[in-house]
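S.K.: sequence first, predicted coordinates after that:
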Amino acid sequence: MQPTPSRTAFTFQYDEYPHSNPASPPEGVADLILVRPMKTLSVLLLLMFVGCGARRSNPNWQVEHDAQPSETHPYGGFWKIEAQNEFGLAIGPHGKDSYYVSFCGPGGCFAKGEYRPFTSLVGDPTYRIVDNNQIDVQGREGFTAYHRSAGRQSASPLQR
């Protein structure tokens, strides 16, 4: 007599197991349940790591290095939510009257204009200049206060 499989998602039930252990699925079913999803997961993880590696190949450290205050761009610099953070916003000059705002962390920075659009900061409704040492930045959950900082403690290769 042949076993009669009935499938519901990944659950298999058999009426009879003529030559096998009833506690284990018949040959080939374990392959379908375990090996194929594991191969798919392995491929996805590999693609994810390759993608992360490609991002690191150009860490854009010049973004952090160029984020300096000046007479024409007084809000240039590195800004953090908390002083001990190893990440924050690099705000630097972009042309005569605008700034770039890029996120930087231990792995590098977003390219200029990639993280947030170029902005004048002053008059932009997504930024509130509180004073020379605090800028509130609008995100998905409202405004977040960023404070001027000396930069990350782990200096970028350009700062060493």
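M.R.: Thanks, I have the structure now.
S.K.: surely Asn133 touches His147?
M.R.: Yes. The pair formed by Asn133 and His147 meets the contact definition of C-beta atoms under 8 Å, at 6.0 Å. The C-beta positions use only the backbone N, C-alpha and C, and glycine is treated the same way.
S.K.: any low-confidence regions in this structure?
M.R.: Residues of the chain that meet the criterion pLDDT under 70 lie in 1-57, 154-160.
S.K.: please enumerate the helices of it.
M.R.: 29-30, 36-56, 61-66 (DSSP state H).
S.K.: need the contact list for Phe143.
M.R.: Remark: with contacts taken as C-beta atoms under 8 Å, 6 or more residues apart in numbering, Phe143 is in contact with 128, 136-137.
S.K.: so who does Glu71 touch?
M.R.: Listed by C-beta under 8 Å, 6+ apart, Glu71 has no contact partners.
S.K.: if I look at it, how far off is Gly107?
M.R.: Computed as C-beta to C-beta, to the nearest Å, the Glu71 to Gly107 distance reads 32 Å.
S.K.: extract the C-alpha trace of stretch 90-103 and format it as PDB.
M.R.: As requested, C-alpha coordinates have been extracted for stretch 90-103 and formatted as PDB (Å, rounded to 0.1, in the frame of the first residue of the first chain):
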ATOM      1  CA  ALA A  90      28.200  65.600   9.200                       C
ATOM      2  CA  ILE A  91      27.000  69.000   8.000                       C
ATOM      3  CA  GLY A  92      29.200  70.700   5.500                       C
ATOM      4  CA  PRO A  93      29.200  73.300   2.800                       C
ATOM      5  CA  HIS A  94      27.600  72.600  -0.600                       C
ATOM      6  CA  GLY A  95      28.000  75.600  -2.900                       C
ATOM      7  CA  LYS A  96      27.600  79.200  -1.800                       C
ATOM      8  CA  ASP A  97      24.300  79.100   0.200                       C
ATOM      9  CA  SER A  98      23.600  75.400   1.000                       C
ATOM     10  CA  TYR A  99      24.800  72.500   3.100                       C
ATOM     11  CA  TYR A 100      25.000  68.700   2.800                       C
ATOM     12  CA  VAL A 101      23.700  66.600   5.700                       C
ATOM     13  CA  SER A 102      25.200  63.100   5.800                       C
ATOM     14  CA  PHE A 103      25.000  60.300   8.400                       C
END
